[in-house]
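Colleague: predicted model and sequence below, questions to follow.
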Amino acid sequence: LEYLDSHRNVCWLESDKPILKQVSETKFSFCVKFYTPDPGQLEEEFTRYLFALQIKRDLAVGALLCSDNTAALLASYIVQAEIGDYLDSYNNNPSYFNNHKYFPHQTVEHEIRIMNFHRNHL
């Protein structure tokens, strides 16, 4: 579990210490501390779901450091999960995903790359 301390620093709850000795009134966030190199090896479906939500959030706020190409690929998986398969009726226009910003510095060129990756997820 992750929380903000009194100085607004992000901290991880230490499992070997009582919670009340580490924090007082605070809001906890369930977060991924280490990214697995192969998410397919996560055994529990709910764990995979939470992992995907964490990646989506980190990508959206710029906390996931990756290349533009990787960001576009990850965004294309989000589009696939939320919209489904690419349809020919989209006419090679990325507006079908409502110009949603999947990462902070996303441009029209990134949206075209997202669309091209999405088209190949068959």
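Modeller: Alright, I've got the coordinates. Numbering: from 1, shown residues only.
Colleague: contacts and neighbour counts: CA atoms only from here.
Modeller: Will do.
Colleague: would you map out the domains in the protein?
Modeller: Following automatic domain parsing, the chain resolves into domains at 1-31, 41-119.
Colleague: got phi/psi on the spatially most central residue of the chain?
Modeller: Centroid check for the chain by C-alpha atoms, centre = their mean gives residue 56 as the closest residue, at 1.7 Å. For residue 56, the backbone dihedrals (degrees, to the nearest 10) come out as phi -60, psi -50.
Colleague: where does this protein dip in pLDDT?
Modeller: Within the chain, the segments meeting pLDDT under 70 span 26-29.
Colleague: need the strands for it, in chain order.
Modeller: Under the criterion DSSP state E, strands of the chain are mapped to 2-4, 10-12.
Colleague: distance of residue 55 relative to residue 25?
Modeller: As defined by C-alpha to C-alpha, to the nearest Å, residue 55 lies at a distance of 27 Å from residue 25.
Colleague: what about those two, which has more around it?
Modeller: The neighbour comparison of residue 55 against residue 25 (other C-alpha atoms under 10 Å) goes to residue 55, with 18 against 8.
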